[in-house]
Every structure is written in C-alpha cells, then in structure tokens.
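Chemist: Could you work out the structure for the sequence below:
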Amino acid sequence: MSVECPECNGKMRYDPSRKQYSCLSCGLSLTYQELMEIREKKKDLEPEEEKRKRERNEYLKWYLSSKKPK
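Modeler: Sure thing, here's the model as predicted:
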C-alpha cells in the first residue's frame with residue numbers, strides 16, 4: 001500500500017522503530033493517527049474548494065461569452 005504525503009504528495013515510508021510515516025521528498029513525519037486527521041480535514045474542505053472553482057469557471061465563461069465581438 002502506497003501512502004501519499006499530505007503536504008507534497010510524495011511517497012511516505014513507514015518506520016516501525018519510530019512508529020511513524022516519513023515523506024521521502026519533504027521529510028514530514030506523522031503518526032498514523034495524525035495522517036488520518038489531516039486527510040479528514042482535507043476531505044472536509046475539498047467540497048467548498050471545488051464549489052469555488054466551479055463558480056469561478058462559470059463566471060469566467062459567462063464573462064468571456066459577453067465580450068465576444070458581434
């Protein structure tokens with residue numbers, strides 16, 4: 001099972017002696033519990049971000065369509 005870093009999306013490796021996951025790219029170290037908490041927070045925020053992106057895209061599409069030369 002491959003685990004992605006919540007900061008840089010790099011690969012994380014589990015270190016059994018420290019009982020933590022460490023990112024091979026940025027060096028972030030987290031326990032399993034911390035990793036799951038960060039993922040849950042990101043999951044809760046994602047729908048709002050997606051909504052804002054969609055609204056921005058819709059506005060941009062509307063704005064650009066009103067500026068077409070006639």
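
Chemist: Could you tell me how many residues sit around residue 54?
Modeler: By other Cβ atoms under 10 Å, the residues close to residue 54 number 10. Where you see a C-beta, it was placed from the backbone N, CA and C, and this is true even at glycine.

Chemist: secondary structure class for it?
Modeler: Residue 54 falls in the helix class when you classify it by DSSP: H, G, I helix; E, B strand; the rest coil.

Chemist: could you measure it against residue 61, distance?
Modeler: 11 Å (Cβ to Cβ, to the nearest Å).

Chemist: and if you look at residue 43?
Modeler: 28 Å.

Chemist: Next: residue 16.
Modeler: Taking Cβ to Cβ, one finds residue 16 at 51 Å from residue 61.

Chemist: Between these two, which has more neighbouring residues?
Modeler: Neighbours per residue, other Cβ under 10 Å: of residue 16 and residue 61, the larger number sits with residue 61, 10 against 6.

Chemist: Would you agree that one falls within a strand?
Modeler: No. With three-state DSSP as the criterion, residue 61 is assigned helix and is not in a strand.

Chemist: Which pLDDT does the model give it?
Modeler: On pLDDT, residue 61 comes in at 89.

Chemist: how much space between it and residue 55?
Modeler: 11 Å.

Chemist: do residue 5 as well
Modeler: 29 Å.

Chemist: Between these two, which has more neighbouring residues?
Modeler: Neighbours per residue, other Cβ under 10 Å: of residue 5 and residue 55, the larger number sits with residue 5, 20 against 10.

Chemist: helices or strands up against the least confident helix or strand in the chain by mean pLDDT?
Modeler: Every helix and strand in the chain was compared by mean pLDDT, DSSP states H and E; the lowest is helix 32-66, with a mean of 85. Contacts defined by 3 or more Cβ pairs under 8 Å, 6 or more residues apart in numbering; DSSP states H and E place helix 32-66 against no helix or strand at all.
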